[in-house]
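A.B. asks: mind folding the following:
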Amino acid sequence: MVLADFTGNYTNPDNCKEGDKGVILTEGTYEEKKNLKGETYKQLNLDVEVNGKKLIHSPRMAEGKKLVNAWGSETNAWVSKKFVCHVVNYKSMGQTKQCIEIEPI
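C.D. replies: Prediction:
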């Protein structure tokens, strides 16, 4: 039997719930992206595992600073570190949305 899974490859409230625990699998990679103004920026993508599923987590600025404070700025030291998931509300283009933030354990 094949189970249909449309929760996506990135951490989100469909595949990570408040209080779920996970682990960082790799040191991550940077992806170059463009914002709405067309300006380029780099986004860190970390391979993580939550609830037995391999996902990609992209920390937002304040969240990333918390990870650096806990584990240092060299992301290779983050491999095998454990975290807890939090569902966070944020505003985007006037609408309230939700995302997942990870907190070091």
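A.B. asks: confirm that Q98 sits in a helix.
C.D. replies: No. Looking at Q98 with DSSP: H, G, I helix; E, B strand; the rest coil, it is strand, so not inside a helix.
A.B. asks: the helices in the chain, which residues?
C.D. replies: With DSSP state H as the criterion, the chain has helices at 61-71.
A.B. asks: quick test: name the residue nearest the centre of this protein.
C.D. replies: H57 (2.5 Å; Cα atoms, centre = their mean).
A.B. asks: what residues does that residue make contact with?
C.D. replies: Y10, T11, N45, L46, V48, I100, I102 (Cβ atoms under 8 Å, 6 or more residues apart in numbering). All C-beta spots, glycine's among them, are computed from the backbone N, C-alpha and C.
A.B. asks: any idea of the mean pLDDT in stretch 27-36?
C.D. replies: Averaging pLDDT along stretch 27-36 yields 94.
A.B. asks: gap between the two ends of that stretch?
C.D. replies: 28 Å (Cα to Cα, to the nearest Å).
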